[in-house]
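K.L.:
take this sequence and fold it.
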Amino acid sequence: MEYKRLGRSELQVSRIALGTMTFGRTNTEAEAFEQMDYALARGINLFDAAEMYPVPTDPAYQGNTERYIGNWLKARGCRDRVVVATKAVGPGAQVSYIRPQIHFDRANLRAAVEGSLQRLQTDYIDLYQLHWPDRATNMFGRLGYEHQPEHDGTPILETLQVLAELVAEGKIRHIGLSNETAWGAMTFLQLAQQHDLPRVVSIQNPYNLLNRSLEVGLAEVMLREQVDLLAYSPLAFGVLSGKYLEGARPQGTRLTDFPVFARYLTESGQAATAAYVALAREAGLDPAQMALAYVNSRPFLGSNIIGATRMEQLQSDIDALELQLSAEVLAQIDAIQQRFTYPCP
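P.N.:
Residues are numbered from 1 along each chain as shown. As a prediction, the model looks like this:
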C-alpha cells in the first residue's frame, strides 16, 4: 500500500480509502466487518463515513454506517491504526429529519460531532468534513449556475470558528470539505490564514473518467494550496465497469436497486463508457481497474475512495493500485476525453 501526507496535516493516509456508505442498508454488519477486516489487512487506513449514511438516506437507516464502524473499532481494538473520516450533513429538505434547520452553525456542528463520536465510539475524529456547502451553488451534477447570495447559510468565517473550537477541544483533528467549488475552497483557505483558524486539508469531490470537471479550476487550487483530493465515485457508481452497457441492469447491483443514482447513465455517458471499456479490453485490462488506476495516477489525489457491496469487488478494486497505465493507454484515454469532453456532470 502507498501512503501520502494529507494536505499539510500530519495524517498519513493510504492511497486507497474504504468508502462505507452501503454499510447499514445494502451491507449487513457482518459484511461490513468482513470488508473492514480485509481493507485493514491490505494496508488501507482511511475509512470514510458520514452522519447521514447509509444512502439512499432514510430515517430508518441513518447512522447505521457510523454505528457499524464504531462496533468494529471497539471489537478489533484498532482505533490507533485507522484514520476515521466522517461528515456533517448540509442543509436540505431530504435530511431535515436529522436536525431541523440544518446549517453549519455552532448548534448544528456541535450536535453533529457529538452524534458521530457516540456512534463511532471514539473520543476524536481524524478528519471532519462538511458534506456539501451551506449556500446555493452547483453540486451533485447540477449545471446552469444561478447566483443566489440571498440563500447563503452560515457565514464561512463563523463555521471555521466553530470548527476551531472543536479542534481545540480535541474532538476533531483536521477539517475537510466535500462537494465544494474552487471559490468555496479558496474562501475557506483565505479566511483560515487571515484569522489563524484550522486549514482545510482535503476536498472530497466526485472524480472519474466520466467526470473530470474539477480539473478546470479546482485541481489548480489543490496543487498550489496543498489540499488533497479524496475522490469519490471513481467508478461512476459502477458504470465504468461496463456492466450497465446496452441497457443491462444486473440483479443485485446498485443502480438496479437504486435508480436514483443514474446520473452517469446518460446517452453520452454510455457512449463514453463504451469507448473506455473497449480501450481497456484492447489493452488486456479490466475496465474497472483501468478506471481506478487513472484516478490513482493523478498528482492532486490524496486517496481514492472505493466502495463495494461484495468482497470480490473490494479485492479487485484494491488490486488496481498495482496497475500502472502505459503512456499509450493514457494518451488514448485523453483522446476519448476529447471526443466526450463532458459526458456527465
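
K.L.:
where do the strands of the stretch 101-250 of the chain begin and end?
P.N.:
Ranges of strands in the stretch 101-250 of the chain, per DSSP state E, counting those that start in this stretch, are 125-130, 172-178, 200-206, 228-232.

K.L.:
return the most buried member of the ones you listed.
P.N.:
Greatest average neighbour count among those goes to strand 200-206 (a mean of 26), per mean count of other Cβ atoms under 10 Å. In this view, the C-beta of every residue, glycine as well, is placed from N, C-alpha and C.

K.L.:
could I get the average pLDDT for it?
P.N.:
In this model, strand 200-206 has a mean pLDDT of 98.

K.L.:
next SSE downstream of the helix or strand hosting T273?
P.N.:
Following DSSP states H and E, one finds T273 within helix 267-282. Next helix or strand after helix 267-282 toward the C-terminus (DSSP H and E): helix 287-296.

K.L.:
what's the closest non-adjacent residue to M311?
P.N.:
E34 (6.4 Å; Cβ to Cβ, 6 or more residues apart in numbering).

K.L.:
one more: S326?
P.N.:
S326 sits nearest to A283 (Cβ to Cβ, 6+ apart), 7.7 Å away.

K.L.:
what's near enough to touch Q337?
P.N.:
L209, R212 (Cβ atoms under 8 Å, 6 or more residues apart in numbering).

K.L.:
how about 10 Å then?
P.N.:
Q337 is in contact with L209, L210, R212, E215, A272, A275, Y276, P343, counting by Cβ atoms under 10 Å, 6 or more residues apart in numbering.

K.L.:
these two touch, right, the third one and A291?
P.N.:
No - R212 lies out of contact with A291 (Cβ atoms under 10 Å); the separation is 11.7 Å.

K.L.:
who touches both of those two?
P.N.:
Shared contacts of R212 and A291, defined by Cβ under 10 Å, 6+ apart, are not found at any residue.

K.L.:
those two: which is more packed in?
P.N.:
Neighbour count, other Cβ atoms under 10 Å: between R212 and A291, A291 has more, with 28 against 18.

K.L.:
what's the spacing between that one and A335?
P.N.:
16 Å (Cβ to Cβ, to the nearest Å).

K.L.:
also L6?
P.N.:
33 Å.

K.L.:
between the two, which one's more packed in?
P.N.:
Using other Cβ under 10 Å, the more surrounded residue of L6 and A335 is L6, with 25 against 11.

K.L.:
tell me the secondary structure for L18?
P.N.:
Using DSSP: H, G, I helix; E, B strand; the rest coil, the structure places L18 in strand.

K.L.:
can you give me the neighbour number for it?
P.N.:
Neighbourhood size, L18 [other Cβ under 10 Å]: 29.

K.L.:
just use 892 as the starting number from now, easier for me
P.N.:
With 892 as the first residue, the last one maps to L909.

K.L.:
I'd guessed it sits against L937; true?
P.N.:
Yes - the criterion here is Cβ under 10 Å, and L909 meets it with L937 at 7.1 Å.

K.L.:
shared neighbours of these two, anything?
P.N.:
A930, V973, S1194, I1196.

K.L.:
F1149: which of those is nearest?
P.N.:
F1149 lies nearest to I1196 out of the shared contacts of L909 and L937, by Cβ to Cβ, at 18.0 Å.

K.L.:
is the closest one in a bridge, and if so with what?
P.N.:
Using DSSP bridges, the beta-bridge partners of I1196 come out as A908.

K.L.:
check contacts around it.
P.N.:
907-912, 937-939, 976, 1095, 1097-1098, 1120-1125, 1186.

K.L.:
one step back: the contacts of Q1228, buried ones only, as a ChimeraX selection?
P.N.:
The ChimeraX selection below is limited to those of these classed as buried (16 or more other Cβ atoms under 10 Å):
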select :1100,1101,1103,1163,1166,1167,1234
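
K.L.:
farthest-apart pair in the contacts of Q1228, please.
P.N.:
Pairwise over these, using Cβ to Cβ, the maximum falls at E1106 and A1166, 18.7 Å.

K.L.:
state the distance from the residue nearest to M1202 to M912.
P.N.:
Distance from E925 to M912, counting by Cβ to Cβ: 17 Å.
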